[in-house]
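Undergrad: sequence unavailable; structure follows:
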């Protein structure tokens, strides 16, 4: 680090944290983050894979999440089911799996309702920082692009350590202090800043020089030397993403000021990273969509801080939209449906829209509004009797995309339901007389307790069906308001099929 020497108080804090990280009863994911990265130090690829398998397999929750991710369309283009961590690593790739592991480890506190809001917020902002850096990396030449997400998340590692281990002895941060004020506060309490704490803990773990470089202090006067350094760009990108996150986190400033701060940051880095205000807003919109995908894929509660609202504000007119007018996470199913119906109506008038775009909007809407485990649209071509999956969201989306088909001439339960041509709500799929008629592939996955099938008709001809399910028996109900909104969505599917015909 540019100033590696620590005060006696700072040295004591670093030793305290390192001792805690060696103690197994303390929050495994926090120590795993560095342990997994450290385990990849071997130059032999086969050894690296085995080390990574061993490190990941210590955490069954992490193992499950990685296998789920490896089976998504993003990583799995072959359609062949991934069952083990070793298969997942070969499918995703050794370099990408590291970023995925770190992403999932920073997501893990969000799934634990016992964690404090501050821990969830720090984990969220660290992950957002990494996602931003990955997108910035596409704009510039970085020596180790596969490590850029790791580098940028780890710049927040010191804060994560503090919130997990030292929050009680430090106490609450004073209200209404800026970033510099926070740094001075921590310096006075524990003898070093969060960034310095993260750096010295990582240094003790003997991480790569690229990662350690990215965790150093950044000052504008270092830019000329950093540009000449093959590893310097990782520090620049990581510092930029962290600065962007500081703006997102800032308290008690209105959205217009947020927008102006983004413009100032763009101007500061424009000559190095080729970013401008427009590019920043595009980066943040991409990050917002990725966060929503994480929420859906891993059943996360909504991200806790209003920095998500800030992202939305900046993308609704140069940062001047009122926070109070944003409905990023509607509070009721009606709110979700109404906003989606408005967006889809606009999409139907666009020449760039396709039926797939419409389906990709409708399925997550129904999934979120009804809080489903899985939601699927199946479409039938004109002369066929077979309904194919067009879009799927939820815990078993991979299985549904590859296995779920409904044949009007079939003998299973779903075929029988569709032949009725009416809305069907199956309140108890575990009831023996019902369960025995489920397709074999369906019974092999994690069972649903309740499911529904809503046919989509055009001139009395069925063109598709919306399927949804939940785990608990009898947990789905349709109020008149929900049925009215579902009918409107089905009508938009019918219109999209006419305006934008596709072929399976």
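TA: Noted; the coordinates are in hand. Since the structure is predicted, the reported quantities are computational estimates derived from the model, not experimental observations.

Undergrad: now do the strands in the stretch 301-450 of the chain.
TA: With strands called from DSSP state E, counting those that start in this stretch, the stretch 301-450 of the chain shows them at 374-380, 386-394, 405-407, 424-426, 450-458.

Undergrad: just the stretch 1-150 of the chain next, same as before
TA: Using DSSP E, counting those that start in this stretch, no strands are found in the stretch 1-150 of the chain.

Undergrad: pLDDT below threshold where in it?
TA: Along the stretch 1-150 of the chain, segments meeting pLDDT under 70 span 1-4, 24-48, 73-74, 76-79, 95, 110-115.

Undergrad: lowest-pLDDT helix or strand in this structure?
TA: The least trusted helix or strand in the chain, going by mean pLDDT, DSSP states H and E, turns out to be helix 307-314, with a mean of 56.

Undergrad: rewinding a little: most tightly packed of the strands of the stretch 301-450 of the chain?
TA: strand 374-380 (a mean of 24; mean count of other Cβ atoms under 10 Å). The way it works is simple: take the backbone N, C-alpha and C, and place the C-beta from them, glycine included.

Undergrad: and it, which strands flank it?
TA: Strand 374-380 has its sheet partners listed here by DSSP bridges as strand 386-394 (antiparallel), strand 461-470 (antiparallel).

Undergrad: select, out of those strands, the one closest to residue 230.
TA: strand 386-394 (41.8 Å; Cβ to Cβ).

Undergrad: taking strand 450-458 as reference, get the angle to that closest one.
TA: Between strand 386-394 and strand 450-458, the angle comes out at 130 degrees (axes from the mean of the first three to the mean of the last three Cα atoms, to 10 degrees).

Undergrad: pop out the phi and psi values for residue 58.
TA: phi -70, psi -20 (degrees, to the nearest 10).

Undergrad: re earlier: mind checking which of the strands of the stretch 301-450 of the chain is nearest residue 292?
TA: strand 386-394 (10.5 Å).

Undergrad: tell me the mean pLDDT for that closest one?
TA: Average pLDDT, strand 386-394: 89.

Undergrad: now do it: distance to the chain's middle.
TA: Relative to its chain's centre, strand 386-394 lies at 22 Å (Cα atoms, centre = their mean, to the nearest Å).

Undergrad: buried set for stretch 60-74?
TA: For stretch 60-74, the neighbour count (16 or more other Cβ atoms under 10 Å) marks 62-63, 65-71 as buried.

Undergrad: any low-confidence regions in the stretch 301-450 of the chain?
TA: Scanning the stretch 301-450 of the chain for pLDDT under 70 picks out the ranges 301-332, 446.

Undergrad: could you pull out the helices for the stretch 301-450 of the chain?
TA: Listed in chain order, the helices found in the stretch 301-450 of the chain under DSSP state H, counting those that start in this stretch are 307-314, 333-347, 355-369, 397-403, 413-419, 432-435, 440-444.

Undergrad: if we can go back for a sec, helices - which of the buried residues of stretch 60-74 land there?
TA: 62-63, 65-70 (DSSP state H).
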